[in-house]
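Asks: Below are the sequence and a predicted model; questions follow.
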Amino acid sequence: MPSRRLALVLTAGFVFAAAACRTTQPPPRVDQHPAELKHLRAYLAARDRGDAGAARSYLAADARFWIGSKQGPGRPLGGRRDLADWEAAAGARFAYSDFRAEAPGSIHYLSSESSELSRLLGAEALRGEVTCWFDGMGRISGMLFRPLGPRMEDLVRPYVEWARRHHPERLAELLPQGEMVYDGETARKWIEALREWRSATRGRPLSPSHP
């Protein structure tokens, strides 16, 4: 009987120790994914200089992106009318930090975006957490942006309320089916509409020389 009790104690101790090892293992380091990190940085560099074509070369053919949460099929990331075109048209400028691997096949980082759009909307920058997933060739297959602070949809609300009273016809172009459309043509329309709004509500146009 004592030997059996000792065996049970030793077995329980082994199981507890194994569980502790599993729970205390450090997460994957970002330097353990050199191909993925290289493609991600190259994609971000191309996007920053407004080269949408080069940015697409680092994306999987069916790459998707989500905002807020990864629900539903997402939106195309590599199509002709995509997020890179929106950012280029808006004159977006980015800063990145805290690159780390959350799990095998994914990299997480923090992003800060300032642009003509954010300036017209009175926001210093749009900040958020980004998670990227990769396919077997190291290309970006998906991106999830989780805002840290107001979303674009929140920032445009004052304009939307004003436009409903003064230019309801324009909202149909800017918000088809009541949703934001992230492409270059729509970004340019937003900039034009927001400049008109700032001019009408403040008595003067807001140009790059005016804060």
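Replies: Cool, the structure landed.
Asks: can you tell me which residues contact the closest residue to G142 other than its chain neighbours?
Replies: Sequence neighbours aside, W133 is the residue nearest to G142 in space, at 4.2 Å (criterion: C-beta to C-beta, 6 or more residues apart in numbering). All C-beta atoms are positioned from the backbone trio N, CA, C, and that covers glycine. Contacts of W133 were listed using C-beta atoms under 8 Å, 6 or more residues apart in numbering, and they are 105-106, 140-143.
Asks: Spatially central residue (nearest the centroid) of this protein, please.
Replies: Central residue check for the chain by C-alpha atoms, centre = their mean: the C-alpha nearest the mean position is that of F145, 3.0 Å away.
Asks: Looks to me like it is in a strand.
Replies: Yes. Under the criterion used here (DSSP: H, G, I helix; E, B strand; the rest coil), F145 sits inside a strand.
Asks: Report the beta-bridge partner residues of it.
Replies: With DSSP bridges applied, the residues forming beta bridges to F145 are I67, V130.
Asks: In the sheet, which strands lie alongside the strand ranked longest in the chain, parallel or antiparallel?
Replies: Of all segments of type strand in the chain, defined using DSSP state E, the longest is strand 93-103. Next to strand 93-103 in the sheet, as set by DSSP bridges, lie strand 106-114 (antiparallel).
Asks: what's the next secondary structure element after the partner strand?
Replies: Toward the C-terminus, strand 106-114 is succeeded by helix 116-120 as the next helix or strand (DSSP states H and E).
Asks: packing partners for that following helix?
Replies: For helix 116-120, the helices and strands in contact under the criterion 3 or more C-beta pairs under 8 Å, 6 or more residues apart in numbering; DSSP states H and E are helix 184-202.
Asks: at 10 Å instead, please
Replies: Identification of packing neighbours for helix 116-120 by 3 or more C-beta pairs under 10 Å, 6 or more residues apart in numbering; DSSP states H and E yields helix 83-89, helix 152-155, helix 184-202.
Asks: Pick the most deeply packed of those helices.
Replies: helix 83-89 (a mean of 23; mean count of other C-beta atoms under 10 Å).
Asks: Please tabulate the helices and strands packed on helix 116-120 in JSON lines and include mean pLDDT and distance to A163 as additional columns.
Replies: Compiled in JSON lines, the helices and strands packed on helix 116-120 are given as follows (pLDDT from 0 to 100; distance: least, C-beta to C-beta, whole Å):
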{"stretch": "helix 83-89", "mean pLDDT": "81", "distance to A163": "19"}
{"stretch": "helix 152-155", "mean pLDDT": "86", "distance to A163": "14"}
{"stretch": "helix 184-202", "mean pLDDT": "92", "distance to A163": "7"}
